[in-house]
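Chemist: Attaching a predicted model along with its sequence, questions to come.
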Amino acid sequence: MPAQGQILVNIDDLSMLKDIKKAISMVKGVGKVIVPRRRKLYSSYELSLRDLEEGRVTTHASVDDYFKKFGL
């Protein structure tokens, strides 16, 4: 059995993705065409809002109370 290889193709126009995937899959010897899902990148502000919504935020009465928590 011959060795397998991979080719990475960057697509600038995502509206063409379906057609390009179809064309590549028609090439002799191509076994599988996989299009990875794109993860949404969140800004630090959006991440902070998610932390707030999901309860991953602590509050302190004062800065002194905050430092007492760490034994300072």
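Modeler: Done, it's in.
Chemist: Give me the neighbour count for residue 49.
Modeler: 12 (other Cβ atoms under 10 Å). Any C-beta I mention is one placed from the backbone N, CA and C, and that applies to glycine too.
Chemist: And for residue 66?
Modeler: 13.
Chemist: measure the spatially closest residue to it that is not a sequence neighbour to residue 69 for me?
Modeler: Nearest residue to residue 66, sequence neighbours excluded (Cβ to Cβ, 6 or more residues apart in numbering): residue 60, at 4.3 Å. Separation of residue 60 from residue 69 (Cβ to Cβ, to the nearest Å) stands at 7 Å.
Chemist: Output the below-cut-off pLDDT ranges for the chain.
Modeler: Low-confidence segments of the chain (pLDDT under 70): 1-2.
Chemist: residue ranges of the helices in it, please?
Modeler: For the chain, applying DSSP state H gives helices covering 17-25, 44-53, 63-69.
Chemist: Residue 8 is nearest to which of those?
Modeler: helix 17-25 (11.7 Å; Cβ to Cβ).
Chemist: Centre of the chain to the closest one, how far?
Modeler: From the chain centre to the centre of helix 17-25 is a distance of 23 Å (Cα atoms, centre = their mean, to the nearest Å).
Chemist: repeat for stretch 62-72
Modeler: Remark: stretch 62-72 is offset 36 Å from the chain centroid, using Cα atoms, centre = their mean.
Chemist: Which positions in that stretch come out as buried?
Modeler: Judged by neighbour count (16 or more other Cβ atoms under 10 Å), stretch 62-72 contains no buried residues.
Chemist: and what of stretch 52-64?
Modeler: Going by neighbour count (16+ other Cβ under 10 Å), nothing in stretch 52-64 comes out as buried.
Chemist: Outside of it itself, list whatever touches it.
Modeler: Applying Cβ atoms under 8 Å, 6 or more residues apart in numbering, the contact partners of stretch 52-64 are 51, 66, 69.
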